[in-house]
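Asks: task: produce atomic coordinates for the following.
(chains A and B)
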Amino acid sequence: MSTIREKAAAAVRCRRTVLDSGLTVLCRTMPGYSTVHAMYGTAFGSTTREFLLDGKRITLPAGTAHFLEHKMFESEEGDAFALYAKTGASANAFTSWDRTCYIFSATSRIDENLDILLNMVGKPWFTRETIAKEQGIIGQEIKMYDDSPDWRLMTGLFRCLYPTDPIRDDIAGTVESIAQLTPEMLYACTDAFYRPENMVLAVAGNIELEQAVEACRRAGLDKPAAPHTVELPEAAPEGPITRRELQFAMPVTRPCFALGYREQPIARGDIKREILCDMLPDLVCGGLTDLYRKLYDQALVNPEFSGDYVLTRSACSIAFTGESSCPREVAQMVRDEIARLRRDGVDPELFTLVKNQMYGELLAVLEGVEDAAGQLALAFLKGTTLEDQIAMLASLTPADANEALQTMMLPENEAYVEITPQQ
Amino acid sequence: MQRKQLAPGVFLTELDAEKFNRCRIAIHLRYPARRESATDAAVLSMVLERGYAGCPDMTKLSRRLAALYGADLGVDLSSAGGDRVLSADICGIKQQFALAGEDLVADYADIVFGVLFDPYLVDGSFDPEAVRIEKESLRRRLQSEYNDKRLYCVRQARRRFYGDNPAGIELYGYLNEIDAVTPRTLRTEYDRILSQASIEVMVQGADAEPVARRLLDRLDAIRRTPAQITRLTPVPAAPVRHYTEEIPGLTQGKLCMLFTRDGAEDLPSIHVLRMAMGIFGGTATSRLFRNVREKQSLCYYCGSSALRAAGVMMVDSGVESANIDKAEAAILKELSDLCARPVDGEEMEQCRRTLLAGIDAVGDSLSGLASWYYGQIMRGEPLVDPEQGKAQMLAVTPQQVQEILQSYSYSVCYALTGRGEEADA
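Replies: Take a look at the predicted model:
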């Protein structure tokens, strides 16, 4: 294992440091590249809805993390997009269930761009007026996702699988929930989660670690931040799945479906379990399997049919989603295949091919500046590293998959969602 | 970059890929689009991707790619003005990373040449079973367009806008013509493509010589008369037509506005066009983003784009159904302001900086560099490297931006709402 890890580390070539403030800085220097991609991320996403800040309980409405992401681009001096426009960088941000990340890509004036990034996130500025303005734009974003069958399937599935976990609420919240937001709530979030020790700056491309660290110094991120105590409540054990099936109508041409499984939450840094979550759907019905071929050739699914997993601090689920004229038949075929694999074990040859493919994908990530910085940051926020992920993948055997199948994707942890065409 | 002609209408371009761990071979067959065989062409690309004579089985081909350390194979059909481009490309780790010393590049070339030049045939036609399956897959794909309302709105607008203009031939064919596709009609279309296509092979990070030899071997037995680039005539300008379609259950309205460049004599410079789109609605500092989205909070997205060869400019937006008229007026006002006076220096430079950074970055991915050169080839331009491209971008003036935006006239507005009936207004 250590030799594999050394080889993986040589491939990843990530330099890292932790500043006195607690901020972790990761850098993959890529000789010959022109672009620098930077990702500044915090482990604060839509599922953090309650916490104690300096002993005071803060409860957040759904959609807070995403709303905060939008507002971070505004400061008293103006809009960060306008500042980036002066340097030629392209900038963006995204929020998921368990993280919020701010990014830029640029080929010049890297110091200035790092200053913009670190200052816009480091110096939050919220007023009732600017919050009200953003509610209109985000309201439109929420409505856009409301028209997406894929998104509605996933949110419907989480509603079934999780009676209480915040994953059941949409990342962007609702028009009503974001209407409850106040500047005080947003400041509480930045005080609690936008502290250096909760964040990571990952850069890749035409940049050295020292340049990134120097930018952090200019932004005052080399010194310990104002002390706050933050406590996240222990996730209460999730109750039984009360709704096994959900059906609703949308303007679609044929039914869309999701077959999902609620799994045990994965401990932070448990890479093996997470890689297995990633791998199992491919072993059940990925493009290399006989089942996929059968479903496709019988016109039961589209090429987009696939399985995937979602992981947060308190939830883990695997879902198979697609579009089909016979959605229940497809769902049953997937269930049958899971049961067969549980009984007979996975095909070792298929296992090796899937593993090769994942290995190739991990190495491909290292070739693009965006992917490299993004994956370095993501791995850090999950409490792991890319080299550990590669090493763990290399060490997995069919026996690991077979063992996981005994406790995962069990019928008792299942729910099914179907969107029917609106009349 | 080295480009050489191997035969009439056959070129090979070799690009530097030293800094990458992977290599790539892409083959592009560019041929004139034809309305009557558009559906055949769509099914053909899907059948070709399933396998080839040396590996006819789709699953076995997927497994072979996985065994080649997860190599990626893609077979795509795309539009290029009045032409279509049937492309096959394969990307995988370089030879020196092969763990068992296997000849990876030879395997990559086998596959990518196989899918385009050595298809699996049964009695001289395409495999009837593969054709049956892919016809059904295409049917589902075309029907699925309705599920993505943004895409559906744009396509509905395009259909009204183009009418019978050759630029409007549907890339993925026509639902009501799928039944007429047979293994024999696919073979006819395939033979037409091989005969008429100009062929461009792009090699990155692999020895180009064996690739060139292989290509010439494959073409040796084919009688070819490569076609010139098809020139399109823009849709004639006419009074604006408004269409509204009600979709029960739609939460957010969609708006697509199309403009034609009828009457313009020459195709515009791609750099001027990119600057114009960047300033109007293509970036986060554009007029549409700053004024329609940020200041007026009218929509979550509102962007502009243009197709140079077809002479069309498009604005699409997601807006509250009740605000569609307001959004349309706001978008037209932004265009009108840009047409009325040249943009100031700072706005021009902001947009230029973003676009220059994009050019700087093309060399940071295999596909980026290949697209840079293939884009110029498709436009029939003399090839320039990214540095020369930056010089051309630096030469664009505010007056040129103003002139090109003035050259568009508003033609079609298509809106999806939760109210009303589809009708000419």
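Asks: domains for chain A, by residue range?
Replies: Structural domains assigned to chain A are A:15-231, A:245-421, following automatic domain parsing.
Asks: any chance of these in JSON lines, plus distance to chain B and mean neighbour count?
Replies: C-beta coordinates here come from the backbone N, C-alpha and C atoms, glycine included. What follows is the domains of chain A, written out as JSON lines (distance: least, C-beta to the nearest C-beta, whole Å; neighbours: other C-beta atoms under 10 Å in any protein chain shown):
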{"stretch": "domain A:15-231", "distance to chain B": "3", "mean neighbour count": "19"}
{"stretch": "domain A:245-421", "distance to chain B": "2", "mean neighbour count": "19"}
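Asks: now do the contacts for residue 378.
Replies: This is for chain A. A:Gly41, A:Arg99 (C-beta atoms under 8 Å, 6 or more residues apart in numbering or on different chains).
Asks: other chain: chain B
Replies: When contacts are taken as C-beta under 8 Å, 6+ apart, B:Met378 is in contact with B:Arg30, B:Ala80, B:Gly81, B:Val85, B:Ile229.
Asks: so which of those are in strands?
Replies: Secondary structure from DSSP state E places B:Arg30, B:Ala80, B:Val85 of the contacts of B:Met378 in strands.
Asks: beta partners of the second one?
Replies: Looking back up the chat, that one is B:Ala80. B:Asp83 (DSSP bridges).
Asks: returning to that earlier point: which of the contacts of B:Met378 tops the neighbour count?
Replies: Among those, the one with the most neighbours (other C-beta atoms under 10 Å in any protein chain shown) is B:Arg30, at 26 neighbours.
Asks: these two touch, right, it and B:Glu200?
Replies: Yes. Look at B:Arg30 against B:Glu200 with C-beta atoms under 8 Å: they come within range, at 7.2 Å.
Asks: make JSON lines out of the ones in strands among the contacts of B:Met378 and add distance to A:Ala65 and pLDDT.
Replies: Shown next, in JSON lines, are the ones in strands among the contacts of B:Met378 (distance: C-beta to C-beta, whole Å; pLDDT from 0 to 100):
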{"residue": "B:Arg30", "distance to A:Ala65": "47", "pLDDT": "97"}
{"residue": "B:Ala80", "distance to A:Ala65": "43", "pLDDT": "94"}
{"residue": "B:Val85", "distance to A:Ala65": "42", "pLDDT": "98"}
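Asks: in JSON lines: those, plus distance to B:Asp266.
Replies: Formatted as JSON lines, those follow (distance: C-beta to C-beta, whole Å):
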{"residue": "B:Arg30", "distance to B:Asp266": "22"}
{"residue": "B:Ala80", "distance to B:Asp266": "18"}
{"residue": "B:Val85", "distance to B:Asp266": "23"}
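Asks: out of the residues you listed, who's nearest chain A?
Replies: Set against chain A, the nearest of these by C-beta to the nearest C-beta is B:Val85 (20.5 Å).
Asks: show me the contacts for the closest one.
Replies: So B:Val85 contacts B:His28, B:Leu29, B:Arg30, B:Asp76, B:Leu77, B:Ser78, B:Ser79, B:Met378 (C-beta under 8 Å, 6+ apart).
Asks: and whichever strand or helix holds A:Glu112, C-alpha only, in CSV?
Replies: Using DSSP states H and E, A:Glu112 sits within helix A:110-122. Only the C-alpha atoms of helix A:110-122 are listed here, as CSV (Å, rounded to 0.1, in the frame of the first residue of the first chain):
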residue,chain,number,x,y,z
ILE,A,110,-2.9,36.1,-10.6
ASP,A,111,-2.0,38.1,-7.5
GLU,A,112,-4.9,40.5,-8.1
ASN,A,113,-7.3,37.7,-8.7
LEU,A,114,-6.3,35.9,-5.5
ASP,A,115,-6.8,39.2,-3.7
ILE,A,116,-10.3,39.6,-5.1
LEU,A,117,-11.2,36.0,-4.2
LEU,A,118,-9.8,36.0,-0.7
ASN,A,119,-11.2,39.5,0.1
MET,A,120,-14.7,38.9,-1.3
VAL,A,121,-15.1,35.8,0.8
GLY,A,122,-13.2,37.3,3.8
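Asks: so which elements touch that helix?
Replies: Secondary-structure packing of helix A:110-122 (3 or more C-beta pairs under 8 Å, 6 or more residues apart in numbering or on different chains; DSSP states H and E): strand A:36-42, helix A:80-87, strand A:100-106, helix A:209-218.
Asks: quick check: what element follows that helix along the chain?
Replies: With DSSP H and E, the next secondary element past helix A:110-122 is helix A:128-146.
Asks: how far off centre is that next one?
Replies: 22 Å (C-alpha atoms, centre = their mean, to the nearest Å).
Asks: I'd like to know how far B:Pro32 sits from chain A.
Replies: 28 Å (C-beta to the nearest C-beta, to the nearest Å).
Asks: wait, that residue touches B:Pro226, no?
Replies: No. B:Pro32 is beyond contact range of B:Pro226, at 10.5 Å (criterion: C-beta under 8 Å).
Asks: now the common contact residues for these two.
Replies: Common neighbours of B:Pro32 and B:Pro226 (C-beta under 8 Å, 6+ apart) are B:Gln196.
Asks: what pLDDT is listed against A:Ile419?
Replies: In this model, A:Ile419 is scored at 98, pLDDT.
Asks: and it, how far from B:Leu338?
Replies: Computed as C-beta to C-beta, to the nearest Å, the A:Ile419 to B:Leu338 distance reads 42 Å.
Asks: repeat for B:Gly74
Replies: 38 Å.
Asks: more neighbours, these two?
Replies: Taking other C-beta under 10 Å, B:Gly74 and B:Leu338 do not tie; B:Leu338 has more neighbours (21 against 13).
Asks: need the residues of the stretch 301-425 of chain B near chain A, please.
Replies: B:301, B:318-320, B:350-351, B:353-354, B:356-358, B:360-361, B:363-365 (C-beta under 8 Å from any C-beta of the partner chain).
Asks: hmm, try it at 6 Å
Replies: Residues of the stretch 301-425 of chain B found near chain A (C-beta under 6 Å from any C-beta of the partner chain) are B:Gly318, B:Gln350, B:Arg353, B:Thr354, B:Ala357, B:Asp360, B:Ala361, B:Asp364, B:Ser365.
Asks: list of residues touching stretch B:106-119?
Replies: B:25, B:27, B:48, B:52-54, B:68, B:75, B:88, B:90, B:92, B:211, B:214, B:218 (C-beta atoms under 6 Å, 6 or more residues apart in numbering or on different chains).
Asks: looking at the residues you listed, which are in helices?
Replies: Taking DSSP state H, the ones among the contacts of stretch B:106-119 that sit in helices are B:Leu48, B:Val211, B:Arg214, B:Arg218.
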